[in-house]
Structures are given as structure tokens and as C-alpha cells.
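Q: quick one, structure for this:
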Amino acid sequence: MNLFADIRALTLDAIDGLVRDGVLPAGLDTANVTVEPPRDAAHGDMATNAAMVLAKPAGKKPRDIAEPLAARLAADPRIATAEVAGPGFLNIRLAPAVWQEVVAAVLVAGTGFGRSEMGAGSRVNVEYVSANPTGPLHVGHTRGAVFGDALAALLEFSGHDVTREYVINDGGSQIDTLARSVYLRYLEAHGREVAFPDGVYPGDYLVPVGAALKEEVGADYVDQPEDVWLAPIRDFATDAMMALIRADLLRLGVEMDVFFSEKSLYGTGRIEAAIEALRAKGLIYRGTLEPPKGKLPEDWEAREQTLFKSTEYGDDVDRPIQKSDGSWTYFAPDIAYHYDKVERGFDQLINVFGADHGGYVKRMKAAVAALTDGRVPLDIKLTQLVRLTRDGAELKMSKRAGTFVTLADVIEMVGADVTRFVMLTRKNDAPLDFDVSKVLEQSKDNPVYYVQYAHARVMSVLRKAAEAGTDVADARLREADLGQLDHPAEQALAAKLAEWPRLVEIAARTHEPHRIAFYLYDLASGLHALWNRGHDEPNLRFLQDDPDTSRAKIALARAVSIVIAGGLGILGVEPANEMR
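A: Numbers count the residues shown, from 1 in each chain. As a prediction, this is how the structure comes out:
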């Protein structure tokens, strides 16, 4: 049940009726006709812009359309009033029975309430985290992991076929640095005194990796030249780091469907195939780039390179894909990787990058647009930095990593559920302040607690009702006389429930899972407000002396808890049944 979609359909039917009556001409485009919550709740339950949108193409004044449209809408039993406002907006109030039907619909659908077929089975690849396998995940990776995972779940909830993917950046020079760092820890495990020069990874997390390498190969690599041990230690260290990363992701509740190795692109012809696909479109050429603006890098020189015409697809400059010495640039395997995704048949690609990858957005979108002739859209979402604080002081160091706070550190401090929810309390492209002290408080200012407390309150009501002998199983609550939910405060809470399916579709369409967290906070606020009013107005309490009345009141509370549980499920958070 999507009430806003239903009333929009009713509005379109009414417009068709006006066409049949000769009030409006045939063939009007109604794609931009909307039915939304009004900006001011005092104006009604819904508002439509239909008259404003259709006025110009119909050659009429908006009010000349709005008035007959209002009359047609008011004839429907779901509509209590339809009033023209201002130059031609229509404000709609719904009959009380509609809100009661919403409560019943939630109880029937359970946590599936709000699911839609908007995605129509469209295959979507969501690539997120994809941290270099050179160390444990840090707090910045955590935000990307939570955002990507919640977005994937949101898209699934709205009918998409989603693949969660992590690309392992195991083909670059950073893996050589990792191997050299592990070798030093390996020598340490053999009792050698070692120095850690600049440019290696000094974190203690590599100590057990060096010990494990000693366990596996003994002294085979001690005092051996680099060409003997570099390649095998590269593989050993990468596997060890990916095991650590997988374990960290599982702590956060993140499970990937695909781990794609960048190294698999090299020496297999896959990079060459992607570049040839672009060459066949006339998009690869030999040329010399203009010098970068501002201060020139010391190693910059005007030299002929192999370039991709990314400017034809909205990029600022054409991009090099092959250096003058014949080696590939970093961009070439990225093109090949996305070409591989396209070849796997995805209808849409979504990449979640850290804020430091902002300069990569245009070139990557250009490459995918060129490879697919614009058929497969690529959306790149950037997650901004996280500032982690406790008691007013910024946390910057980790015992394990040495230079940054790890994902494991954050979960140890506040737990996975709190971590996930807090990471979605701001839009992805806005910086996030994560106050460890604040999120452990039991107050309205702590959004995690506030939402969880709402769910726990309802569970407490259900337990107390059951102890008093009232059958509060969902099947029994569906049979309650919901006509008793006649107070404006109760209907306002039911109206908030009615917004959920629409909110899900908007969040999925815009790729903005933070909207779910915001909605849940507002819904919880409505539940708490109704609960508090019950202190002064006994008729609003969920537990009444009459079991039938109790069941009606509890049905509303239970519907709220169901939607909260469904929303938290999208965010990857377990609903609380009681607060400790």
C-alpha cells in the first residue's frame, strides 16, 4: 500500500474525467503531476500541483482547473475535503478510515510494508569500501561501508537485483610496499633488529603476519635478496590483509557478494580488450597534454602518451591511459574493471568512494558512458570525512594501526548497531561528527537510542498486555476495531506511517539511505509524543481497561514498531526489544 501513489492515481483519473467532460484538452503530459505532503501540515494531509502543471499547456488559469478537479476528488470516499489554495494548489484531507486502513496494511505486510517493485528486477552493482589491502579498515572506510551496505539493502527493498562488490587493489606498487613491510616483521619474528624506513607500513597489525610467514616458510627468506621473496610475500600479505578486512566487515555486519582482484586484469588481455573497445569508437589517440594549471610537478614533462577522449563525455581534460614507456596508468585497469562489470550485464553501476577520490568522478563516468554509449549509468557517491571525538577531544590514533582509528576500535567502543546508525545520520557528502560520548547517552539527542527506545516501548506494551491476558498477536490485532483510532494525534501517527512507502522510493531513487534514518527518528518522535500525551489524556494510552479498545490502540503502536524494525533492517541495525 502506497497511499501517496494511490491518491496520485486518483488525481490522474480525475484529470481524465475532466478531459472527457471537455474541461481539459486531450493529450496533456501528466508526468510532473505530484501528490506530496504539504509544507505546512495545517494545510492538509496531501497537496497536488496538478492545476499548476497543466495550466499552461491547457491554456487555462490554474484555479479554473483546480476547482473542477477538487470537486471530482471530493466525490471519492477516501477524500474528506479538497480545497483550492493560493494560485491553484489543491490541499487534500483524507477521511479517518484511510488512516485506519494504513495501520491494518502494516499489520498485514509486516516488515515488508513499503517494499516496492520500482526496480523491476534491474541489476545493480554497488561497489563500496574497496580499501587498499595494506592495513585494517579505518573510521573513514567504516562510513563508506555502512553507506554502501545500506544503499544496497535499500535498492533490494525497492525491487532491484543487487550485487555487493569489493575490488581488491592488489595490482599496484602499494602491494610491494606491503610485502617489504611484512618482510621486516618476518625478520623481527626471527629475532632480528630491524629499522622501519619512511614509506613502509609500521603498524603493529603486521606483527602477526610476519609471525605467520615465519611459521609457513621458516628461515627460507632470511638474508635473501628481494627478487627471491617479493612476489610470494606479496600474495601472502595480500591474503592476510584481506582476511583481516573481511573479519572487520563481518564485525560491522557487511557481507560482500564479490571480491574482485585488480591483479586478475593484468597479463590476461582484459585491459587491452577494454582499451580496444574504446579505440574502435575512435576515442583513443596519441597526443601531448597541456601542463597542469598552477605549480608544475617536478617530474612533469611534455611527452606523447596514449590518451582517452574523456572530454567528449563531460570530463575537463583527456586522460592518459598508457605512459610513454608503454606501461599502463592507474586509469587503464579502472576502465577495464568497469568494462568487466558492463560485460557481466549490470543495468546500473554505483561506486562509493572516499572524499579524496572526488577528482576521479568525471573521468570514470566518461569511461563508462563511452563503453556503453550511455546505456549503463554510473553514479558515484562520495563519503566525506568522519571526525571521531570523545568528551570533546578528537580521537586520531589506534593502538593497532598506529596512525588512525580502526573500524574495530569504533565497534569496540560503541557496538556495530550504533556505528551503523550514526554513520547514516548525515548525508554522505557532508562531514560527520561522531561523538562517542553522545551516542552512549540515553537521551533524545542520541538518535540511535531514541529510535531503539520507541521500538522497545512498544515491545514493553505488548508484554504487559499479554501478561494481563489480552491476545496481542499480529493476526489478532488485525481484527481490532481500528475505528476507535479517532483522535487527531493517533491519526497523525498513522499518517506518518503512510509516508514510509513513498519515502523508501524517494530514498532508493536518489541513492540516499540517510533519509531512512531521518524518517525513523521522526516516526519514533511521533510514538514518544503520543505516549507522553497519554500521561494527561487516559484515552490515548495504549493499555486500556477494555481489551477490545486496548487492541485497537496497541495495533497502532505495533504498526509503528513494525515499520521501525523494517527501516532498521535496511540500515543493518537490530531493533531493541528492551533497553538496558
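Q: can you tell me the SS state at residue 192?
A: coil (DSSP: H, G, I helix; E, B strand; the rest coil).
Q: how about the helices in the stretch 301-450 of the chain?
A: Applying DSSP state H, counting those that start in this stretch to the stretch 301-450 of the chain gives helices spanning 331-343, 361-372, 407-414, 416-423, 447-467.
Q: turn those helices into JSON lines, including distance to residue 542.
A: For glycine as for every other residue, the C-beta is placed from the backbone atoms N, C-alpha and C. Compiled in JSON lines, those are given as follows (distance: least, Cβ to Cβ, whole Å):
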{"stretch": "helix 331-343", "distance to residue 542": "50"}
{"stretch": "helix 361-372", "distance to residue 542": "50"}
{"stretch": "helix 407-414", "distance to residue 542": "31"}
{"stretch": "helix 416-423", "distance to residue 542": "25"}
{"stretch": "helix 447-467", "distance to residue 542": "5"}
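Q: any chance of these in a markdown table, with mean pLDDT too?
A: Shown next, in a markdown table, are the helices of the stretch 301-450 of the chain (pLDDT from 0 to 100):
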| stretch | mean pLDDT |
| --- | --- |
| helix 331-343 | 97 |
| helix 361-372 | 98 |
| helix 407-414 | 94 |
| helix 416-423 | 96 |
| helix 447-467 | 96 |
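Q: and those helices, which is most packed in?
A: Most buried of these, by mean neighbour count (mean count of other Cβ atoms under 10 Å): helix 416-423, with a mean of 24.
Q: can you tell me the closest non-neighbouring residue to residue 355?
A: Among residues not flanking residue 355 along the chain, residue 384 sits closest, at 4.9 Å (Cβ to Cβ, 6 or more residues apart in numbering).
Q: show the pLDDT at the one you found.
A: Looking at residue 384, its pLDDT reads 96.
Q: with residue 330 instead?
A: 91.
Q: what's around it, how many residues?
A: Per other Cβ atoms under 10 Å, the neighbour tally for residue 330 reads 14.
Q: now do the contacts for it.
A: residue 172 (Cβ atoms under 8 Å, 6 or more residues apart in numbering).
Q: remind me which residues of the protein are low pLDDT?
A: 295-301, 397-402, 580 (pLDDT under 70).
Q: tell me which residue lies farthest from the centre of it.
A: residue 223 (49.2 Å; Cα atoms, centre = their mean).
Q: list phi and psi for that residue.
A: The phi and psi values for residue 223, taken as degrees, to the nearest 10, are phi 60, psi 20.
Q: try residue 395
A: Torsion angles, degrees, to the nearest 10, at residue 395: phi -100, psi 120.
Q: which residues touch the helix or strand hosting residue 277?
A: Here residue 277 sits within helix 270-279, counting by DSSP states H and E. For helix 270-279, the surrounding residues in contact (Cβ under 8 Å, 6+ apart) are 264-265, 284, 308, 321-322, 328, 332-333, 335-336, 339-340, 367, 370-371.
Q: let me know the closest of these to residue 106.
A: Distance ranking of the contacts of helix 270-279 against residue 106, using Cβ to Cβ, places residue 340 first at 42.1 Å.
Q: what's the neighbour count on the closest residue in space to the closest one that isn't next to it in sequence?
A: Spatial nearest neighbour of residue 340, excluding adjacent residues (Cβ to Cβ, 6+ apart): residue 270 at 6.7 Å. Here the number of neighbours of residue 270 (other Cβ under 10 Å) works out to 17.
Q: before we move on, what about residue 344?
A: 12.
Q: can you pull the contacts of it?
A: residue 125.
Q: now it: phi and psi?
A: The phi/psi pair for residue 344 (degrees, to the nearest 10) is phi -80, psi 0.
Q: roughly how far out does stretch 416-430 sit from the chain middle?
A: Distance of stretch 416-430 from its chain centroid, counting by Cα atoms, centre = their mean, to the nearest Å, is 10 Å.
Q: thinking again about what came up before, my guess is the residue nearest to residue 355 contacts residue 423. True?
A: No: taking contacts as Cβ atoms under 8 Å, residue 384 lies outside contact range of residue 423: 11.2 Å.
Q: nearest to residue 556 among the contacts of helix 270-279?
A: Closest to residue 556, out of all of the contacts of helix 270-279 and judged by Cβ to Cβ, is residue 340, at 50.1 Å.
Q: tell me how far residue 38 lies from residue 258.
A: 44 Å (Cβ to Cβ, to the nearest Å).
Q: and for residue 32?
A: For residue 32, the distance to residue 258 - Cβ to Cβ - is 38 Å.
Q: go on, residue 187?
A: Distance from residue 187 to residue 258, by Cβ to Cβ: 36 Å.
Q: which of those two has more neighbours?
A: residue 187 (17 against 13).
Q: quick one, what contacts the more buried one?
A: 194, 210, 222.
Q: how does it look with 6 Å?
A: By Cβ atoms under 6 Å, 6 or more residues apart in numbering, the contact list for residue 187 reads residue 194.
Q: so it belongs to a strand, correct?
A: No: counting by three-state DSSP, residue 187 is not part of a strand but helix.
Q: among the helices of the stretch 301-450 of the chain, which is nearest residue 151?
A: Judging the helices of the stretch 301-450 of the chain by Cβ to Cβ, what sits closest to residue 151 is helix 416-423, at 11.9 Å.
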